[in-house]
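K.L.:
Fold the following, please.
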Amino acid sequence: MSSSRAKALKEKNVVVSLVKDLNKRMSDFEDSVSDLKILKDSILEMNDEILRQESENTSELLKLKNNLIENKTKILKDTAAEIGKVLISQDELNELRNEVTKFKNEAVSMKNNMDKLIKEKVTEEVVNKLKFQKMENEIETAQLVAATDNYKVQIESLNQTIERMSKELDSQKDLTASVCNVSKTRNFTETK
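P.N.:
Predicted structure coming up:
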């Protein structure tokens, strides 16, 4: 009876240990998920900062363009006033239009390139983090399976040892009973 109780306590300790280990691994997994959320928030903040910087750059670029146009206009006005000519030529007008179009195209191209780069980096980081987490989980699962298999082998070995000892005990009981019977028979024969 005490051997079955010891076995139950041993199994309970193994199960408690496995449950504690599993709880710790679940906590670690939750911490990793929290880290991924923080990473996502950081990336979103970086994206917001890039958008803000792009807005500032666009505003600065517009100011520079306006300053250029104002300077040209002032010079042309002064020159035109001095020589009595037209304020701007068609070529200058076309050039200004082309510059504006070029800057717009460059700005759109830069924004598209930045958006693409950010998306690629975020996707790559998330994929890498998920792969890493998956590999960690697979390693932990393999370790748990190995530990469980090891416990099964130990339990089987202990069961075999208990069974062998039980048979030996039964054999000892039979031997003791035989010796006792022989002794009783001898005492009985001698007393007659």
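K.L.:
quick one: the most centrally placed residue in the chain from Ile43, how far?
P.N.:
The residue lying closest to the centre of the chain (C-alpha atoms, centre = their mean) is Gln133, at 4.0 Å. Applying C-beta to C-beta, to the nearest Å, the value for Gln133 to Ile43 is 17 Å. Bear in mind the C-beta positions are built from the backbone N, C-alpha and C, glycine included.
K.L.:
hang on, the earlier thing: pretty sure Ser32 is one of the things the residue nearest to the centre of the chain touches, is it not?
P.N.:
Yes: using C-beta atoms under 8 Å, Gln133 is in contact with Ser32, at 5.4 Å.
K.L.:
State the helix or strand in which Asp149 lies.
P.N.:
Per DSSP states H and E: Asp149 is located in helix 90-191.
K.L.:
and that helix, average pLDDT?
P.N.:
In this model, helix 90-191 carries a mean pLDDT of 89.
K.L.:
Could you name the helices and strands sitting against it?
P.N.:
helix 2-83 (3 or more C-beta pairs under 8 Å, 6 or more residues apart in numbering; DSSP states H and E).
K.L.:
I'd like to know which elements the helix it packs on is packed against.
P.N.:
Using 3+ C-beta pairs under 8 Å, 6+ apart: helix 2-83 touches helix 90-191.
K.L.:
what angle sits between the helix it packs on and helix 2-83?
P.N.:
170 degrees (axes from the mean of the first three to the mean of the last three C-alpha atoms, to 10 degrees).
K.L.:
what's the neighbour count on Asn67?
P.N.:
Neighbours of Asn67 under the rule other C-beta atoms under 10 Å: 10.
K.L.:
Sorry, wrong one. I was asking about Gln143.
P.N.:
12.
K.L.:
next one: Leu44
P.N.:
By the criterion of other C-beta under 10 Å, Leu44 has 11 neighbours.
K.L.:
residues contacting the residue nearest to the centre of the chain?
P.N.:
Residues near Gln133 by C-beta atoms under 8 Å, 6 or more residues apart in numbering: 29, 32, 36.
K.L.:
And Glu54, how close does it get to Ala80?
P.N.:
Distance of Glu54 to Ala80, given as C-beta to C-beta: 37 Å.
K.L.:
And for Lys65?
P.N.:
From Lys65 to Ala80 the distance is 21 Å (C-beta to C-beta).
K.L.:
do the same with Lys72
P.N.:
Using C-beta to C-beta, we find Lys72 at a distance of 12 Å from Ala80.
K.L.:
ok, and what's touching stretch 13-22?
P.N.:
With C-beta under 8 Å, 6+ apart as the criterion, stretch 13-22 contacts 144, 147-148, 151, 155.
K.L.:
buried ones in it?
P.N.:
Val14 (16 or more other C-beta atoms under 10 Å).
K.L.:
Just the pLDDT for Arg5.
P.N.:
71.
K.L.:
That one: neighbouring residues, count only.
P.N.:
9.
K.L.:
With Met110 instead?
P.N.:
12.
K.L.:
again, but for Glu136
P.N.:
Using other C-beta under 10 Å: Glu136 sits among 14 other residues.
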